[in-house]
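S.K.: how does the following fold in three dimensions:
(one chain, ligands or ions: 2)
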Amino acid sequence: MNQTIVVKIGTSSLTNPSTGNLALSTIAGLVEVLSRLRAAGNNVILVTSGAVGVGCARLGLHERPRNIAVKQAVAAVGQGRLMRVYDDLFTSLQQPIAQVLLTRSDLVQRSRYVNAHNTFAALLKLGVIPIVNENDTVAIEELKFGDNDTLSARVASLLEADWLFLLTDVDRLYSADPRSHPDAQPITLVRHIDQLGELEVQTGDRGSQWGTGGMMTKIAAARIATASGVRTVITEGKNPGNIEKILIGEPIGTHFEPQPQPGNARKRWIAYGLVPCGKIYLDQGAVNAIAKAGKSLLAAGITQIEGEFHNSDAVQLCDTTGREIARGIVNYSSSELKKIQGRQSVEITAILGYPGAETVVHRDNLVLSN
Ligand SMILES: Nc1ncnc2c1ncn2[C@@H]1O[C@H](COP(=O)(O)OP(=O)(O)O)[C@@H](O)[C@H]1O
Ligand SMILES: N[C@@H](CCC(=O)OP(=O)(O)O)C(=O)O
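M.R.: Ligands and ions are numbered 1, 2, ... in the order given. Next comes the predicted model:
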C-alpha cells in the first residue's frame, strides 16, 4: 500500500559537527532512499534543518548567532546553498523537488491551512518531493514553530501522514542523554507519550552544538504527530537506509505508536494549528461536562479569564489547577467573558446589552487535550 512518509533531518546529521561542512554521504544516502520510496509510489516529504548551520559554515562563523537579525540573515545564506545541494543530488536521480518555506502563521488561519494542504497535495500528485523548512528569514518570534521537530509533526498532521521519521545524531531515545549518562537505557517502543513521565526519561533542554531543542522537541513532536494518528520514529540520520528497514518492520530506533483518532481535519487544526491567545478556567462541573459528557462550554462554568482575546480566537480550557483539558475557538472576547462568567445563558443579553451566542465554546469547535 502506498504511504505518506514525512522525514525530518536535523542539523546534527546534515553537517559535520567539528567543521560545520555538509555531511555529503549522509545527504546523498538520504536522497537515494527518498527517491526510491517516491518511485515505489509513496508520498514523500522531507523537512530539513541546516539553513543556519550551513549559512554559518559559508560565512566562517563558528557558532550559531544569538542576534535574531543576524540569525535570519545567516539562514538566508544557508537555505539557498542547502537547496542547491538537494537539487543537484535529486536531479541526478531524476527526482523533482520543491522548496516549501513555512511559518506557523501559515497553519494558524483556517484558509491558509487549507491552502497549504492543497499546495502539498498538488506537489505530491505531480510526483514532487517537497523540501520543507521554517521560513527563518522572515519568521517573527511570536509566530515561529521554533524548531523543525515541531514543524515536521505539524506537516505530518496536516497531510495525515502514515509515518514521521525524526533523523538525528543518536540511534534512539534513551532514559537520559547518552552523552552525559553512558549507562542510560535505550527505549524501543512508546505506546503512549505519558509513559515517558512514568519512565522518568530525561531530555535536557538543548541538543548538540548546532541542533535546536535536543530530545525535548522530538518528544513534543512525537506527541503532536501520534495524537494525529502518525506513527513516529526517532532514529539515526547517518544510516538513512534504516528508513526502508523500519518500513518493512525491523525494530530500529524508538517507535511512538499512533493514538486512536477521534478528531477530523478541522479538529486537528484547532488542536495543533492554532496558537492559543488566552486561558479560560472552569469549575469541576464544566470540566466534567466537557471532558466526560462531550458538551459545549457555557458561561456558567467559567471561574476566571486570563489573557486578551477576540471572538473566534483559540483558547485553552483549564481545570481549577490550571491544567489544560481542552482547546477551542471562543465565541466571545475576553472582555465580554469577564462580564458573563459564572452567569446563566439566559442572562447574557441583559448583561451585554445585545444577544450573544448560547455557548462560549461550541463542542464542534472544541478538542480535548491528550
Ligand atoms: N534522553 C535522551 N535520549 C537521547 N538523546 C538525548 C536525550 N536527551 C538529550 N539528548 C540529546 O539530543 C541530541 C539530539 O538533539 P539535536 O542536537 O537537537 O538534534 P537534531 O539536530 O537532530 O535536531 C542528542 O545528540 C543527545 O545528546
Ligand atoms: N530552521 C532551522 C532549524 C531549526 C532546528 O530545529 O534545527 P535542528 O534541531 O537541527 O533540527 C535551520 O534550518 O537552521
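S.K.: could you use CA atoms for every contact and neighbour count after this?
M.R.: Will do.
S.K.: quick one: secondary structure of Arg112?
M.R.: Reduced to three states with DSSP: H, G, I helix; E, B strand; the rest coil, the structure at Arg112 is helix.
S.K.: which residue, neighbours along the chain excluded, lies closest to it?
M.R.: What sits nearest to Arg112 in space, not counting adjacent residues and going by Cα to Cα, 6 or more residues apart in numbering, is Asp106, at 5.5 Å.
S.K.: ok, how many other residues are close to the one you found?
M.R.: Residues lying near Asp106 (other Cα atoms under 10 Å) number 17.
S.K.: ok, now which ones touch it?
M.R.: Counting by Cα atoms under 8 Å, 6 or more residues apart in numbering, Asp106 makes contact with Arg112, Tyr113, Ala116.
S.K.: ok, the residues you listed vs ligand 1, which is closest?
M.R.: Ala116 (23.9 Å; Cα to the nearest ligand atom).
S.K.: quickly find the element holding the closest one.
M.R.: Element membership of Ala116 [criterion: DSSP states H and E] is helix 110-125.
S.K.: can you name every helix or strand that that helix contacts?
M.R.: helix 105-108, strand 129-134 (3 or more Cα pairs under 8 Å, 6 or more residues apart in numbering; DSSP states H and E).
S.K.: so which of the ones you listed is the most surrounded?
M.R.: strand 129-134 (a mean of 22; mean count of other Cα atoms under 10 Å).
S.K.: partner strands of that strand, parallel or antiparallel?
M.R.: Strands that pair with strand 129-134, judged by DSSP bridges, come out as strand 43-48 (parallel), strand 97-102 (parallel).
S.K.: most tightly packed of these?
M.R.: Highest mean neighbour count among the strands paired with strand 129-134 (mean count of other Cα under 10 Å): strand 43-48, with a mean of 25.
S.K.: let me know whether that strand sits next to ligand 2.
M.R.: No: Strand 43-48 is not in contact with ligand 2 by Cα under 6 Å from any ligand atom; minimum separation 6.6 Å.
S.K.: now do that strand and helix 110-125, the angle between them.
M.R.: 110 degrees (axes from the mean of the first three to the mean of the last three Cα atoms, to 10 degrees).
S.K.: helices or strands up against whichever helix or strand comes after strand 43-48?
M.R.: Helices and strands here follow DSSP H and E; after strand 43-48, the next one along the chain is helix 51-59. Using 3+ Cα pairs under 8 Å, 6+ apart, the elements in contact with helix 51-59 are helix 68-92.
S.K.: now the helix it packs on: buried residues?
M.R.: 71-79, 81-83, 86-87, 89-90 (16 or more other Cα atoms under 10 Å).
S.K.: for that helix, name the packing helices and strands.
M.R.: Against helix 68-92 (3+ Cα pairs under 8 Å, 6+ apart) you get helix 24-39, helix 51-59, strand 97-102.
S.K.: ok, and what's touching the last one?
M.R.: When contacts are defined by Cα under 8 Å, 6+ apart, strand 97-102 is touched by residues Met83, Asp87, Phe90, Leu123, Val128, Ile129, Pro130, Ile131, Val132, Asn133, Glu134, Asn135.
S.K.: what do you get for the longest one?
M.R.: For helix 24-39, the surrounding residues in contact (Cα under 8 Å, 6+ apart) are 13-14, 43-44, 86, 89-90, 93, 95, 127, 129, 237-241, 243-244.
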